[in-house]
Structures are given as C-alpha cells and as structure tokens.
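1. Dropping the sequence and predicted coords here.
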Amino acid sequence: MKKNNDTFQSEESIRKNTMRSFLLFTAYFIAVITGIALLRSSQENDGMLKPLRKVADFNAGVFNRFFSHNHRAKQFNLADAVKDVRVNGDAGMGNEFKVADWKLKLVPFGAKKDTVFLSMEDLKKLPKTEIIFDFKCIEGWSQVTHWGGVRLSDFLKKYPVAGRKYFPLSSPDNSDLAEYVGMHTPDNNYYVGIDMASAMHPQTILCYEMNGKPLPYNQGAPLRLIIPVKYGIKSIKRIGTIFFSDSRPPDYWAEKGYDYYSGL
Ligand SMILES: Nc1nc2c(c(=O)[nH]1)N[C@H]1C(S)=C(S)[C@@H](COP(=O)(O)O)O[C@H]1N2
Ligand SMILES: [Mo]
C-alpha cells in the first residue's frame with residue numbers, strides 16, 4: 001500500500017510523540033508526588049493542613065472584608081409565614097427556667113463599666129422591627145417565619161456597651177467596636193459568637209415576638225436572637241447574657257466542627 005503522509009504518521013513522528021507523552025507523564029507524576037509530600041509535611045498544630053488552613057483563613061478574611069449590609073436576606077409577606085413553627089434544638093432550654101425571673105445581663109466591653117440588667121419593658125421602649133424570612137437550619141429544612149423585636153444595632157446605640165472607648169457610631173467605620181458579640185443561655189448550656197458586622201446588620205434582631213405574640217417558651221421566651229444572614233444555629237433561644245470580645249467567644253456548634261461564621 002502506498003504510504004500517504006496525510007493520513008499516516010511517519011515512524012519518526014510516532015517516536016517523537018511517544019517520547020513527548022512519556023516526558024509529560026513523568027513530569028505530571030513528579031508534580032503529584034511532590035504535592036502530596038508538601039501537604040504531608042505541613043500539618044499545623046490545630047491538625048489542619050497548612051494549605052487548607054490558608055484557604056480557611058482566606059475565606060474568613062473574604063467574609064469579613066466583603067460582608068456588607070447591602071447583603072440582605074430575602075423578605076416575605078405576612079401571608080407566607082407559617083403558623084405552625086417548628087421547634088428545634090433544646091440545649092440550654094431546661095424547664096426549671098422562669099420567664100418571670102428573667103433579666104438580660106449585659107456585660108460592657110472591657111468590663112470597665114458596670115454590668116447592666118435589663119427588663120423586657122426596657123427593651124420594648126426601643127423601636128420594634130419585624131421580619132419575615134426563610135429560616136434555614138443546617139439540618140436541611142427551612143421555614144418562612146415571622147419575628148419581631150429590637151434591632152441589635154438600635155439596642156447597641158441605646159446601650160453603648162460594645163465600644164472600646166466611646167460609642168461608636170461616632171467612628172464612621174465602627175472600628176471602635178469589639179470584634180465579636182457573645183451570647184449564652186441563663187444556664188450557659190447554649191452559646192454563640194457573632195462577628196460584629198453581622199451583629200450590626202439591619203436584619204439582626206433581639207427577638208421577643210413570633211407571629212405577633214410573645215415568644216413561646218420552647219422558642220426562646222422571653223428573648224432570642226434572630227439573625228437571618230446566618231444558619232439557624234446562630235439564632236440562640238433564651239438569651240441570658242450578652243458580652244463583647246476581640247477574640248471569638250465560645251460557640252456551641254463551632255466546637256462540634258461547624259463553620260464559626262455559618263453565613264448564608
Ligand atoms: N438555646 C438554644 N438555642 C438554639 C438551639 C438550641 O439547641 N438551644 N438550636 C438552634 C438551632 S440548630 C435552630 S435550627 C434554631 C431553631 O429555632 P426554633 O426552635 O424556634 O425553630 O434554634 C437555634 N437556637
Ligand atoms: Mo438548626
């Protein structure tokens with residue numbers, strides 16, 4: 001058969017191609033082995049591999065830098081809100097607790113000022129904000145629900161306890177504020193840490209009403225957090241104490257391996 005250079009490769013070019021494939025394969029093989037060796041040699045003391053730790057830190061940085069108050073959870077109409085609101089999570093919700101004995105304990109940042117104890121009447125003097133949004137649990141369910149209370153940002157304007165020196169909103173970038181807000185139940189058995197940007201978000205409320213009525217006992221009476229820009233784990237029910245810190249406050253679900261920010 002007559003050799004046709006258009007359809008058949010010469011032996012010479014086949015040899016060249018084989019050599020090229022072999023070299024490429026070898027280079028690829030060496031790259032993979034080197035990569036695995038690098039990963040293995042770079043365990044950090046928190047057990048996370050260095051390159052992965054870098055990614056995690058980078059994500060936290062991106063979250064903090066680009067999280068903006070322009071980012072809002074979608075809001076719904078009254079008619080969309082369910083009447084039969086699911087009850088989920090009972091840590092810190094023991095039934096020895098008496099709503100009538102409750103006071104909110106507010107610990108000013110740096111503990112330079114005295115601890116403040118507030119009643120429900122004190123909270124209700126502040127402007128009321130309502131929100132209807134799709135409450136999302138990390139377990140995979142969600143529900144459109146209707147809540148009412150005081151914006152945490154309004155609350156911290158009235159009670160200037162989150163700032164380093166003076167309150168804050170006088171410093172345009174909020175740089176005077178502590179970096180985190182911590183909250184826990186009266187018995188300390190459930191607790192969350194919230195970055196200040198999310199705490200000051202206009203949809204974040206100290207909530208005392210559900211469907212226009214006082215919060216039911218097992219839904220966090222008398223006061224819970226509603227923070228629509230995060231998964232439900234951060235919406236702590238039955239707030240006993242609020243405090244401020246520049247380091248991450250303890251967080252119930254973060255201790256079990258969930259993302260500290262749990263943003264949406
Ligand atoms: N005190 C307390 N707050 C909590 C929890 C909890 O176990 N204890 N669970 C969280 C989780 S995982 C979810 S999804 C919501 C559920 O709120 P609900 O019971 O009003 O539906 O509460 C959050 N707040
Ligand atoms: Mo949840």
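-> Perfect, thanks for sending it. Ligands and ions are numbered 1, 2, ... in the order given.

2. Show residues contacting the helix or strand containing Ala197.
-> Ala197 is located in helix 196-199, with elements delineated by DSSP states H and E. Helix 196-199 is contacted from outside by 64, 67, 69, 152-153, 156, 162, 174, 177-181, 204, 227, 229-230, 261, 263, using CB atoms under 8 Å, 6 or more residues apart in numbering. C-beta coordinates here come from the backbone N, C-alpha and C atoms, glycine included.

3. same question, stretch 113-128
-> The contact list for stretch 113-128, computed with CB under 8 Å, 6+ apart, reads 102-108, 148-151, 154-155, 158-159, 161, 206, 208, 222-223.

4. repeat that with 7 Å
-> By CB atoms under 7 Å, 6 or more residues apart in numbering, the surrounding residues in contact with stretch 113-128 are 103-107, 148-150, 154-155, 158-159, 161, 206, 208, 222.

5. Same question for stretch 245-256.
-> Ala91, Ala178, Glu179, Tyr180, Gly182, Tyr190, Tyr191, Val192, Gly193, Ile233, Tyr260.

6. Buried only: go through the residues you listed for me.
-> Applying 16 or more other CB atoms under 10 Å to the contacts of stretch 245-256, the neighbour count classes Ala178, Glu179, Tyr180, Gly182, Tyr190, Tyr191, Val192, Gly193, Ile233, Tyr260 as buried.

7. How about the first one, nearest residue that isn't a chain neighbour?
-> Nearest in space to Ala178, with sequence neighbours left out and distances taken as CB to CB, 6 or more residues apart in numbering, is Phe244 at 3.7 Å.

8. Tell me if I am right that that neighbour is in a strand.
-> Yes - assignment of Phe244 by DSSP: H, G, I helix; E, B strand; the rest coil places it within a strand.

9. Test my guess that it contacts Ala162.
-> Yes - the criterion here is CB atoms under 7 Å, and Phe244 meets it with Ala162 at 5.0 Å.

10. which of these two has more neighbours?
-> A count of neighbours by other CB atoms under 10 Å puts Ala162 above the other of Phe244 and Ala162, at 28 against 24.

11. Tell me the spacing between that one and Asp122.
-> Ala162 sits 17 Å away from Asp122, going by CB to CB, to the nearest Å.

12. Same question for Phe243.
-> 18 Å.

13. Perfect, I'm done here.
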